[in-house]
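In: the sequence and its predicted three-dimensional model are supplied below.
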Amino acid sequence: MWMPVSELLQALERTRVGELVRESAFPYVEGTHVLGLALSVGTVVWFDLRLLGAALRTRPVSEVFENLKGWMFAGFGLMFLTGVLLFTSHATKAYANPYFRTKIALLLLAGVNSGVFHLTIDRRRAEWNDAPTPPLAARAAGLTSLLLWFSIIAVGRLVAYSM
């Protein structure tokens, strides 16, 4: 009972949600997507800068993370939800767009980077929590995160201008 991808994408576009977003709510959903992006990535940037030892050096890494994580997750949730709504409204075009596929690949890499950081380097945080400059592995994870998020934003803009 498998449906070809093209038919699935067209079915998504024909849903009431896809039609509603495409025909009347697109600017509101897109604006909310950008606000979610600013909230999520804006807070991620501060944490990454702390990992790099470039900002908030006098505050323990755990304190910075605890203060930011709620905003990170709220912004990411908003960004994810609105991203799904935007995709539903133009699924066929988005799927065919190489910039969209690149953005999804970069998002997956950002998730892998975060997962690897939290499952490995971060488990030893007690050893380096108060250090003004965290160890090389933590700095590498922070720099990788920054580069990935800046790339995701840049490619996301290309998606918007090429559809």
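Out: Cool, the structure landed.

In: the longest helix along the chain - contacts with which helices or strands?
Out: Ranked by residue count under DSSP state H, the longest helix found in the chain is helix 61-89. With contacts taken as 3 or more CB pairs under 8 Å, 6 or more residues apart in numbering; DSSP states H and E, helix 61-89 sits against helix 5-14, helix 16-20, helix 26-52, helix 125-128. For glycine as for every other residue, the C-beta is placed from the backbone atoms N, C-alpha and C.

In: how many residues are close by the closest residue to Val21 other than its chain neighbours?
Out: Counting by CB to CB, 6 or more residues apart in numbering, Val21 lies nearest to Ser89, which is 3.9 Å off, once chain neighbours are set aside. Residues within reach of Ser89, counting by other CB atoms under 10 Å, total 23.

In: pretty sure Ser89 sits against Arg16.
Out: No. When contacts are counted by CB atoms under 8 Å, Ser89 is not listed as touching Arg16 (11.3 Å).

In: residues near Ala137, how many?
Out: 16.

In: let me redo that: Ile121
Out: For Ile121, the count of nearby residues is 20 (other CB under 10 Å).

In: so what's it up against?
Out: Listed by CB atoms under 8 Å, 6 or more residues apart in numbering, the contact set of Ile121 reads Pro135, Ala137, Ala138, Ala141.

In: switch the cut-off to 7 Å
Out: Contacts of Ile121 were listed using CB atoms under 7 Å, 6 or more residues apart in numbering, and they are Ala137, Ala138, Ala141.

In: avg pLDDT for the strand or helix carrying the second one?
Out: Counting by DSSP states H and E, the secondary-structure element that holds Ala138 is helix 136-161. Averaging pLDDT along helix 136-161 yields 96.

In: try stretch 84-95
Out: The average pLDDT for stretch 84-95 rounds to 97.

In: what stretches of the protein score poorly on pLDDT?
Out: Applying pLDDT under 70 to the chain flags residues 1.

In: swap in 50 and give it another go.
Out: Within the chain, no stretch falls below the threshold (pLDDT under 50).

In: circling back to that earlier point, the residue nearest to Val21 and Thr133: what is the separation?
Out: 45 Å (CB to CB, to the nearest Å).

In: just Leu52 next, same as before
Out: Leu52 is 8 Å from Thr133, where distance means CB to CB.
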